[in-house]
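# pasting the structure only:
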Ligand code: GLP
């Protein structure tokens, strides 16, 4: 696991955008796995700027989002499809037909989940998976006790997750937050060629410490990334504040080619 402790979230967004930018220029039909939430917003702004000012071409890029609330239509302002259109897709030259978000309105979720997995496979698998982390250590919407080998499935959400997300996307109204979501599984995420997890702020420090330094456990689903062949973690100082071996991570980074992304 590469651990990059950034000056601030702007620097993290810049570095991750740089990594995605290079990937797309090298392979124009790059397959991106994308995340929602507050964490990737600056990343998406940076990608939009690169498209607008630096010719970054999304015309052949394909995307697969991590998750969607069960029961929210794509037109619902708190749906993840709405978020993705609003925060990224509407502002770059991506073909919407090449963008995928699980269907929160599916009539048969088992079939929808299987089709989602088959679609990712047909696209050749995910090259770069972007992830945030829940304060309980979830990735996508894979809550504690989800199988670390899980595939796309419907997941019941923990109260704490619903409270976190009520604050951000539902005007603080818990009753509005769906109780279930359809999410890529942890096994799905582990198959991506590169996984990039971003986390910012004190509220993520505990989950980050558990993910990086804790034992692999379904109680902290993000610890599964310890098994990923190429996981990179971009965090700010606050999110890094509970890491015990922080000096070591800084020393490793001092010798890392990832430093080139700072430019
Ligand atoms: C939701 C999403 C996750 C995201 C998490 C953290 O639960 N399903 O993919 O990582 O929220 O959100 P935020 O970035 O707003 O802290």
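That came through, no problem. Keep in mind the model is a prediction, meaning the values are calculated, not measured. Numbering: from 1, shown residues only.
# residue 60 is in contact with residue 31, isn't it?
No. With contact defined as CB atoms under 8 Å, residue 60 does not count as touching residue 31 (10.2 Å). Backbone N, C-alpha and C define where each C-beta goes, glycine included.
# between the two, which has more neighbouring residues?
Relative neighbour count places residue 31 above the other of residue 60 and residue 31, with 22 against 14, counting by other CB atoms under 10 Å.
# how about the residues of the stretch 151-263 of the chain near the ligand?
Selection of the stretch 151-263 of the chain residues close to the ligand by CB under 6 Å from any ligand atom yields 161, 165, 168.
# ranking by neighbours, what's the top pick from these?
Comparing those by number of neighbours (other CB under 10 Å), residue 165 comes first, having 23 neighbours.
# low-confidence regions, the protein specifically.
Residues of the chain meeting the criterion pLDDT under 70: none.
# what are the buried residues along the helix or strand where residue 211 lies?
Assigning secondary structure by DSSP states H and E places residue 211 in helix 205-213. Going by neighbour count (16 or more other CB atoms under 10 Å), the buried part of helix 205-213 is 205, 206, 207, 208, 209, 210, 211, 212.
# next one: stretch 88-100
88, 89, 91, 92, 94, 98, 99, 100.
# same deal with stretch 161-176?
Buried, per 16+ other CB under 10 Å, within stretch 161-176: 161, 162, 164, 165, 166, 169, 170.
# with secondary structure added, can I get the residues you listed in TSV?
Shown next, in TSV, are these (DSSP: H, G, I helix; E, B strand; the rest coil):
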residue	secondary structure
161	helix
162	helix
164	helix
165	helix
166	helix
169	helix
170	coil
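# columns distance to residue 189 on top of these, output as CSV?
Compiled in CSV, the buried residues of stretch 161-176 are given as follows (distance: CB to CB, whole Å):
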residue, distance to residue 189
161, 17
162, 21
164, 20
165, 19
166, 25
169, 22
170, 25
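# from those, pick the one nearest residue 20.
Using CB to CB, residue 169 comes nearest to residue 20 of those, at 24.0 Å.
# who touches the closest one in this structure?
Contacts for residue 169 (CB atoms under 8 Å, 6 or more residues apart in numbering) come out as 77, 78, 83.
# next step: those restricted to helices.
Of the positions in those, residue 83 sit in helices, assigned by DSSP state H.
# PyMOL command for the buried members of the contacts of residue 169?
Per 16+ other CB under 10 Å, the buried members of those correspond to this PyMOL selection:
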select buried, resi 78+83
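# who are the contact partners of residue 120?
Contact analysis of residue 120 by CB under 8 Å, 6+ apart lists 31, 64, 126, 188.
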